[in-house]
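> Return a 3D structure for these sequence lines:
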Amino acid sequence: MSRRPRRIWTSEQKKHLVAEARRRMAGGESHRASAKALDLHEGTLRQWMERYPAGQLQPVQIAADDEPARSTGISVATPDGFVFDGLDLDGAIRLWERLR
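Down below sits the predicted model:
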């Protein structure tokens, strides 16, 4: 059996594959099955997932209720009254997945 040539991935490609693996695992797929579906070695995927952790915290600004919204992007309001404003599409999807 011949070995496959070593592949080289950019940081953006790795982040995209990790995000896809997390999406698959959130849907109930195992780590091993996700790695296989993405044509990656299971150990490689584990290393990348450690290197690019999910849900990294970012600073936020708290606004008063009567203050008009000034940011651009997607806004998500929870039933409890919390509003997350200025999200990009990936951030809004991740938030929605965490809140459901």
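> mind listing what the spatially most central residue of the chain touches?
Among the residues of the chain, the one closest to the centroid is Ala19, at 4.7 Å (C-alpha atoms, centre = their mean). Going by C-beta atoms under 8 Å, 6 or more residues apart in numbering, Ala19 touches Asp90. In this view, the C-beta of every residue, glycine as well, is placed from N, C-alpha and C.
> Distance-wise, check Met25 relative to Pro5.
Met25 sits 28 Å away from Pro5 when distances are taken as C-beta to C-beta, to the nearest Å.
> Neighbour count for those two, which is higher?
Met25 (14 against 6; other C-beta atoms under 10 Å).
> Could you identify the helix or strand that succeeds the biggest helix by length in the chain?
Taking DSSP state H as the criterion, the chain has its longest helix at helix 11-26. Going down the chain from helix 11-26, the next helix or strand is helix 31-37, by DSSP states H and E.
> tell me which residues of that next one are tucked away?
Going by neighbour count (16 or more other C-beta atoms under 10 Å), the buried part of helix 31-37 is 34-35.
> mean confidence for it?
The predicted model assigns helix 31-37 a mean pLDDT of 95.
> Begin at 262 from now on, thanks
That works, and once the first residue is 262, the last one we named lands at helix 292-298.
> moving C-terminal of it, what's the next helix or strand?
Next in sequence after helix 292-298, counting helices and strands by DSSP H and E, comes helix 303-312.
> How far away from the center of its chain is that next one?
In terms of C-alpha atoms, centre = their mean, to the nearest Å, the centre of helix 303-312 is found 14 Å from the chain centre.
> Return the list of helices and strands in contact with it.
Using 3 or more C-beta pairs under 8 Å, 6 or more residues apart in numbering; DSSP states H and E, the elements in contact with helix 303-312 are helix 272-287, helix 292-298.
> between those helices, which one is nearest to Arg355?
helix 272-287 (8.5 Å; C-beta to C-beta).
> angle of the closest one against helix 303-312?
100 degrees (axes from the mean of the first three to the mean of the last three C-alpha atoms, to 10 degrees).
> and the gap between the closest residue to Leu299 other than its chain neighbours and Ser272?
Nearest-residue entry for Leu299: Leu278, 5.6 Å, with adjacent residues in sequence omitted and distances by C-beta to C-beta, 6 or more residues apart in numbering. Going from Leu278 to Ser272 by C-beta to C-beta gives 11 Å.
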